[in-house]
Structure formats: structure tokens, C-alpha cells
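Trainee: structure for this input, please:
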Amino acid sequence: MKKIYIIILIISAPTLLFSQKENFNVIDHWLKYSDAKNALYHYYAEEAFQFLDKRDAEVSKLSTKVDWEKRQRKIRKTLFDIVGPFPQKTPLNARITGVVKKDDYRLEKIIFESQPKFYVTAAMFIPNKLKGKAPAIIYVSGHAKDAFRTSDYQHLCINLVKKGFIVFAFDPIGQGERLQYFDSELGKSRIGIPTSEHSYSGMQCFLTGSSLARYMIWDGIRAVDYLLTRPEVDTKHIGITGRSGGGTQSAYIAAFDDRIPATAPECYITNMRRLWESVGPQDAEQSFYHGLAKGIDFADLFEVRAPKPALQITTTRDFFSIQGAIETEKEVKKVYSILNAEEKFYRVEDNAPHGVTKKNREACYAFFQKHLSLPGDSEDHEVKYLTADELQITETGQVASSIGGETVFSLNKKEAQKLVDKLNQLRKNPDKHLKNIVEAAKKITGYKTPGNVVEEAVFTGRYQRNGYVIEKYFIKGEGDYPIPFLLLLPKKITGPPIIYLNPEGKSARASVGDEIEWFVLKGHPVLSADLIGYGEMKQAYTNWTKFGSGLGYYSYIHWFSPVLIGKSIVGIHSADIQRLVLYLKQQSNFNADKIYAIARGNNCSALLHVAVFEKGFSKIALIEPLISYRSIVMNQYYHADYMLPIIPGVLTAYDLPDLAAAFAPNKLLMVDVKNQLGNNASDKVIEKDFTIIRTSFSKAKADKNFYCISMQPQENIEYIYRKWLK
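Mentor: From the prediction side, this is the model:
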């Protein structure tokens, strides 16, 4: 019996060995890369920390009043540079839509225009027994759908008005009665919760080099303008406060408007280092365009105002790091001390999660009573809340269905149109324009050329297939992360090597009989790689939020990190693709003088960029590429997947068709070009957007080298590739 078992094992062993399932993961079991799913976050964070280290070094050298006054001027200019320019002030056209009378106060329902037809809904709480003018406090709500109408926010507002303050609460963009994507049939936003409304429109703003913060801050500045028109308001004594997202806005608005002497942001202030180490960057309005790259941290929002009074309201278990809040307090206190105003800045904390507490409310009351010259009882009292009907400002409860008007999208679209018109003018002189966009694109994407040397690849395994082998490698990327790739080598090499990039992963089209094998069996070595954020390097899907049905997902970290640090995933990917080119050029078993490349979906933009930056490819094929960034900002709705390869500020200098035009006279194939929603772009749109491409190829006498094809149902991709290879 024992002999029979031995014979079975000997016979079966080879069968078991060769029937193992192919595993194309390259960095399995490499402890160094066990956190590959967070590699993109770590890369962004390290870049951010370099900017913070530089800022900390500068701040540590400041020790005199003159030093800090000089820095204040620098901060003020930087803030206006990265957020502005603001629009011109236009008539507020304010009107009162109703009045609600209570025992201690009256509520006026107000609509004003912060920009022409950009309506802001607000409520003014006015004490009944005013003796002359009274100090006013602007209240900015956190990310609550109903804004200041929620019980927590009403509680603070009514307590303040009972203490003699005028309180002016207005709806932030995307909240209360100012939903930007309101669907009257659904009776709600098509996009989702307030942070989703902010992020969705915010990304369109970033493409134009603007930001949602610009619109929100301007609303606050115009709110101050409105207060100055009211005879009841003591215009020398205006304060501002708000919690969470309202803490963001109160800190921002006060930093930009000198007419607000006292500010008390709640449950927001930490510092950038601890924010990146903990929850990461937050939604669109909390991310200044290139803010971190320009050296702006939370402390600057206080320091630019010093020595004006400021209260930092915190909780110890907030997701906004309390340690960061303590460190910010330490830095700001030093500034106030140097300016002989120690008593005008302080921090209060309570042992609670992200939210409001009685202790913190009472600290807020006392702060404004002291610094807005209205002494009195600072105790927190129970109040009777107003009903939804009493707080409804517009006829239907939404600006969109009551009076219409502008939205962030429509206003940003107008700004985008100016940029597009400028591009169209530049395109009339294509030689000059296309020459200039190369350096502009490198700067805007944050591209760092890898030079001419790449580290030696690490070999991690091999599979034999019929007619070719598949080898597994990785090389070092731009940061401390690997670029895993498969190298498929035909038994007989007869054609140039091909770099293949698929956001679904390097092995997605590498099965027997699939697309990559088709090239290999025709004699082409194929290098199929996972760029950071895809395949084995796929980013962790933590803190991702869904937009409305069918519009995709977004992540604060992966969308807004590059905005803050002046980078882009396209710039990173482009540099890593060039590293793969350098690797191929170092190989001795085939000739890499000519290299072809194919990219699918979201990898198309990076391939197009590096193909123009480095001139290393004689042919590229883009399968299902986005038609243009213009399409995203000029249409109200877009699919969020196209924001992963975001390039902040791209439309200030160029668009994807300009890059494609700059690739002439090399061979360029584009298959099933997509619009902003991920559908095939219409012939009419393609004809309009691709005029610059056709003009450039024609001028280079290379008309036949540009193919733009829509796949027919009966066609297969190999048929199209066959024509491309000729």
C-alpha cells in the first residue's frame, strides 16, 4: 500500500507543478510594499511635509514685531493670489421676504446677491429691545443639509440674540435653500449631501485655476457689506463664528475681511501636518488652490489678523486633530505675544467628539461679549426653536425652484469660457502655441523628469506560455513606491516593444487569447504596468463618498491632495511611464530605439503628456480617452472617474486636444473617445474639439498618422491595431 502511494505522488507532482494558477501580482510577500494600497497617499503626504518643513523653518526665524508684520503682508498677498481674484462688488439688491416676531426678537428673512443673480438666503435675528446700535455676529453653518435651521445652530444663534447681539446667519453654497444641483422632481440634490455638492462643483473650479473657497469667501464678504447697510448694526463691532464647515468659512472670511474684528471658528482649526497624518485633506472649499505649496497653514488664518481678537474652539476627540490644534495655538500665541496682545488670542477645549458642547458655547458667548463690547450673562440657556416654515426664506424652500439664478457651475462656466476663448485665439498660431504648451504642461502637472537613469529592475518570477514567457518585475517610482510590471517576451522578437497601460490592472488584458497576447505573438515585447493608484497599487477605498446615481465616487485625499501641493496624478504617472521607457532602453535582448505605447481610460492622459514631454514614442494608441477637460467644466454633470487624473489649473494653458496636436507627426490612434459622462462623444463634438489636432497633423504633412475611430459592433480591437501597426 505504501508503494502505491509513493507512485501516485511521483506521477502527480509534475502535474500539480505545471497546473498552478498564474499569479501576476509582482509585490506579493514583499513586506516593504505591504501598504501599497496607500502608496499614493504616502507620496502626497511626503510632498506636503516638505512644504511644511520649509514653512516651519521660515517661521522659526521670526522673533520681532517687524518680522511678523512683514510675514503678515506676505500671507495676505499669498491668500489673495491663491483664492482671488474676487469679482467686482455689484449691487446687493437685498430684500426682506418675511418677518417672524418672537417675544425677545424678530427674525427677518433676507435674500441678497453676492454676485449678479447669485442669490444668498439668510436670516437676521434682531433683539426687540435695542438701545441704539448693537454688535452683529455672522453665523456660518457647518455641513448640515438644513444649514442654520438645525437645532444645534439655532441654539447658539438664539442664545446670542437673547444676549443682545444681532445675528446674521446665511446659507452656505450647497446647503439650506441654496442647493446647486436641486432636482425638483426628486425634491433633493442630484449629487447628494452638502460635502458632495461642494466637491462636485469644486473640482470644476479647480480645472479653471479657481476654487470653491473663492465663492464661499465672497459670500461672507458680501454678508459684511449687507450688515454695513443696516442702521441697527454697530459696524465697528462685527464678529463671525461657525462650527465644522462653518469653522472653515469663519476662519477664511475673517482672514480676508479686516472689517471683522473678532472671530471664533469651532471644531476646524488643527494644522496641516496633523491633518495629513490623520484624516487627510477635506472637501473642496477647505482646499486652497496650491495653498500648501505656497506655504499656507491653519495658523496663518489667525496670524494674518493679529492682533485682532480670536478664539479657537476645540474638542479633544474631534477628527480634526486636537494635537494639531494645540500646536497651532502654540505658534499663534507666540505671534500675539510678540505683538503685545496675549489676551486677545486663546483656545478653549472640551472633552467631546466633533460637535458642540455647553462649555464651548459659553466660551463663545463670553468671547464676543468681551471683544465686541457687550458685557452680560454668558450662561447657555434653553431656547424654543423656530419651525421649518418660520425659517423658510424662499417661496418653495429652494432658490433653484423659486427664483433660479446663477450656480457655482454656471459662474465657473463663464470663467472657463474666457479661458477657452483665449485658447482658441492661441490656436490660430499653432506653431507658437504648441511649442509653448510643453513647458506650461510640465509646470502645471508638476512633472519631474527622471533624467536618463533608472534603477535596476527587481525580478520576482516567470511563467512560460506557448510561444512566449511572462516575467514579473518592479522598479522604483517617483516616490518611495514600486512600479510593478509584466514583461511578455516572444520567442522570436520581430517588432518594437510596446508599453501597455490599463487602469484595470496590468493583467486585465493578459489572458491567453486576449489583447496583449495578440501583440506578443506578432513579435512585440510588451511591458504592461500598474501605475500608482491602479492594479496592485490601487488606492485604498477608504473615505470615498458616492455622488448621485451613476456619477461615481470621490475621495478627499485623492482628489484634493494634488490641488493643495501643486501636483497632479498625471504628472506623477507621466514621469513613471518615462522610467519604464528608460528601463526598456537599457535592455540588450531587443531594440528599443522605437517604442510604441497603448493606454486605456484614465491612463490615456498621462501617456499623452509624456509622449509630448519626452518624445520617446513613435506611435501611441489611446483607447476610450476623455475628449477634453473643457467638456467637464462646460457641462453641469460629469462622471467622477474622470477627476482621478485631475490637473488643477489645466485650462489656464492648454487642453488635451492641444497635447494631441503637439504629438504630430507621430502616429496617434484614438478609439471610442468619451465625453464627460463616459459615453461616446458625438461626431459633432469630436469635430469641434479635434480641429487643432487635424490642423497640426495636416501642417506636418502627416494626415494619415492621426486616426480617430469609433468601434463598430462587428469590429474587434485587433483589426484596428493591425492598421495602427502598419
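
Trainee: got the domain boundaries for the protein?
Mentor: 83-417, 427-725 (automatic domain parsing).

Trainee: the shortest one: end-to-end distance?
Mentor: One end of domain 427-725 to the other measures 30 Å (CA to CA, to the nearest Å).

Trainee: and the longest one, by the same measure?
Mentor: Using CA to CA, one end of domain 83-417 lies 19 Å from the other.

Trainee: so where's this structure uncertain?
Mentor: Within the chain, the segments meeting pLDDT under 70 span 1-20, 541-542.

Trainee: tell me, what residue is most central in it?
Mentor: Centroid-nearest residue in the chain: Phe560, 2.8 Å away (criterion: CA atoms, centre = their mean).

Trainee: that residue is in contact with Glu285, isn't it?
Mentor: No: counting by CB atoms under 8 Å, Phe560 does not reach Glu285; the two are 10.1 Å apart. Quick note: C-beta positions are derived from backbone N, CA and C, even for glycine.

Trainee: and the strands in the stretch 551-700 of the chain?
Mentor: 553-555, 596-600, 619-623, 667-671 (DSSP state E, counting those that start in this stretch).

Trainee: export those strands to a markdown table and append columns for mean neighbour count and distance to Leu372.
Mentor: Output for the strands of the stretch 551-700 of the chain, formatted as a markdown table (neighbours: other CB atoms under 10 Å; distance: least, CB to CB, whole Å):
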| stretch | mean neighbour count | distance to Leu372 |
| --- | --- | --- |
| strand 553-555 | 21 | 39 |
| strand 596-600 | 24 | 59 |
| strand 619-623 | 24 | 60 |
| strand 667-671 | 22 | 62 |
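
Trainee: dump those to TSV, plus distance to Tyr181.
Mentor: Listed next are those as TSV, based on distance: least, CB to CB, whole Å:
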stretch	distance to Tyr181
strand 553-555	14
strand 596-600	30
strand 619-623	31
strand 667-671	31
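
Trainee: of these, which is nearest Leu426?
Mentor: Nearest to Leu426, of all the strands of the stretch 551-700 of the chain, is strand 667-671, at 20.8 Å by CB to CB.

Trainee: just the angle between that closest one and strand 596-600, please?
Mentor: Strand 667-671 and strand 596-600 are oriented at 20 degrees to each other (axes from the mean of the first three to the mean of the last three CA atoms, to 10 degrees).

Trainee: what helices or strands is strand 667-671 leaning on?
Mentor: Secondary-structure packing of strand 667-671 (3 or more CB pairs under 8 Å, 6 or more residues apart in numbering; DSSP states H and E): strand 619-623, strand 706-709, helix 717-725.

Trainee: name the residues that touch it?
Mentor: For strand 667-671, the surrounding residues in contact (CB atoms under 8 Å, 6 or more residues apart in numbering) are 618-625, 660, 693, 697, 705-711, 717, 720, 724.

Trainee: adjacent strands (with direction) for it?
Mentor: Paired neighbours of strand 667-671 in the sheet (DSSP bridges): strand 619-623 (parallel), strand 706-709 (parallel).

Trainee: which strands border the helix or strand harbouring Glu108, and is each parallel or antiparallel?
Mentor: Assigned by DSSP states H and E, Glu108 belongs to strand 105-115. Partner strands and pairing direction for strand 105-115 (DSSP bridges) are strand 95-101 (antiparallel), strand 118-127 (antiparallel).

Trainee: centre of the chain versus the first one, how much separation?
Mentor: Between the centre of strand 95-101 and the centre of its host chain there is 39 Å, according to CA atoms, centre = their mean, to the nearest Å.

Trainee: repeat that for stretch 334-349.
Mentor: Worked out by CA atoms, centre = their mean, stretch 334-349 lies 33 Å from the chain centre.

Trainee: ok so, going back, just the buried positions in the strand holding Glu108, please.
Mentor: In terms of neighbour count (16 or more other CB atoms under 10 Å), strand 105-115 has its buried residues at Tyr105, Leu107, Glu108, Lys109, Ile110, Ile111, Phe112, Glu113, Ser114, Gln115.

Trainee: okay then, goodbye and thanks.
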